[in-house]
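Undergrad: Let me see the structure of the following:
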Amino acid sequence: MRINKFIASSGIVSRRKADELIKEGKVKVNGEIITTPGYDVGPKDKVKINGELLRPKKFEYLIFHKPPGYITTKSDEKGRKTIYDLLPEEYHHLNPAGRLDKDSTGLLFLSNDGYLVQKMTHPKAHIPKIYLVHAKGKINSIELQKLVDGIEIEEGKIAYADVCLIESTNAQTTLQMTLFQGYNRQIRKMLDAVGHPVISLKRIAHGNLTLQNLERGKFKVLKPKQVTDLKNYVKKVLADNNIPFIMQ
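TA: Model (predicted):
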């Protein structure tokens, strides 16, 4: 993690203030003065600011079942409802690993462990996200293959997915779609491109995390073993993609 982000994630200063402290030579990593905000630090590095050790904070991890009608952000200039309106104030400092649009539902993972969240959302990490999708009309085999092979949803952006056909009628088609990319509104754009707009979209899994029996609008704090299992899973997937992951 970049050292400016590491300092800011501790909650003592903003990212901008962290940049200033670094450039002023007030930050040391393992006894060495660091003046580059982009310097990479790991969980075992000792970071000091003005001679004071930056203590690791208590990390919290939870899953949340997002209902429709809420956006995945901490505040909104348009005054729309956010997921934080449904979470107790004590969890308002947690950040989501990825987003779901206003009309989508399902699993969100939130944490103040910036290192883990950053690794889970790394564009080359390919952490799978699984969705249950209802689309308008009957999708034929040619259109299904297009979803698998890849569709240009924007100039230079080819989106693809693993697709499993669950049910199909003249009125609608039910699919399970697994994404390894993270383009904005990817599934909606892909299905629009083959002429079958999304009726409903629900994320049912992210990595090895699932909704279990969690009701809409409810959350569940992960147990220590679940956190360890998640980190081990992320480490393995990242290793397969030549991305380092340091267990904390």
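Undergrad: Could I get the buried residue list for the longest helix anywhere in the chain?
TA: Ranked by residue count under DSSP state H, the longest helix found in the chain is helix 224-240. The neighbour-count check on helix 224-240 (16 or more other Cβ atoms under 10 Å) flags 227, 230-231, 234-235, 237-238 as buried. C-beta here means a position set from N, CA and C on the backbone, and glycine is covered the same way.
Undergrad: Out of the residues you listed, the closest to Ile139 would be?
TA: For the buried residues of helix 224-240, the minimum distance to Ile139 (Cβ to Cβ) is 29.1 Å, reached by Val237.
Undergrad: per-domain residue ranges of this protein.
TA: 3-53, 61-123+220-240, 129-206 (automatic domain parsing).
Undergrad: Of the ones you listed, which shows the lowest average pLDDT?
TA: Note on the domains of the chain: domain 3-53 shows the lowest mean pLDDT, a mean of 88.
Undergrad: That domain spans what distance, first to last residue?
TA: End-to-end distance for domain 3-53: 14 Å, by Cα to Cα, to the nearest Å.
Undergrad: How many neighbouring residues does Asn30 have?
TA: For Asn30, the neighbour count with other Cβ atoms under 10 Å is 11.
Undergrad: That one contacts Gly42, doesn't it?
TA: No - Asn30 is beyond contact range of Gly42, at 10.4 Å (criterion: Cβ atoms under 8 Å).
Undergrad: circling back to that earlier point, could the domains of the chain be laid out in TSV, adding distance to Asn213?
TA: Output for the domains of the chain, formatted as TSV (distance: least, Cβ to Cβ, whole Å):
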stretch	distance to Asn213
domain 3-53	32
domain 61-123+220-240	10
domain 129-206	12
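Undergrad: rewinding a little: from the contact counts, what lies against the longest helix of the chain?
TA: In terms of contacts (3 or more Cβ pairs under 8 Å, 6 or more residues apart in numbering; DSSP states H and E), helix 224-240 is packed against strand 61-66, helix 114-120.
Undergrad: quick one: that helix to strand 61-66, angle?
TA: Between the axes of helix 224-240 and strand 61-66, defined by axes from the mean of the first three to the mean of the last three Cα atoms, to 10 degrees, the angle is 90 degrees.
Undergrad: which residues are contacting helix 224-240?
TA: Helix 224-240 is contacted from outside by 61, 116, 119-120, 122, 125-127, 207-209, 222, 244-245, 247-248, using Cβ atoms under 8 Å, 6 or more residues apart in numbering.
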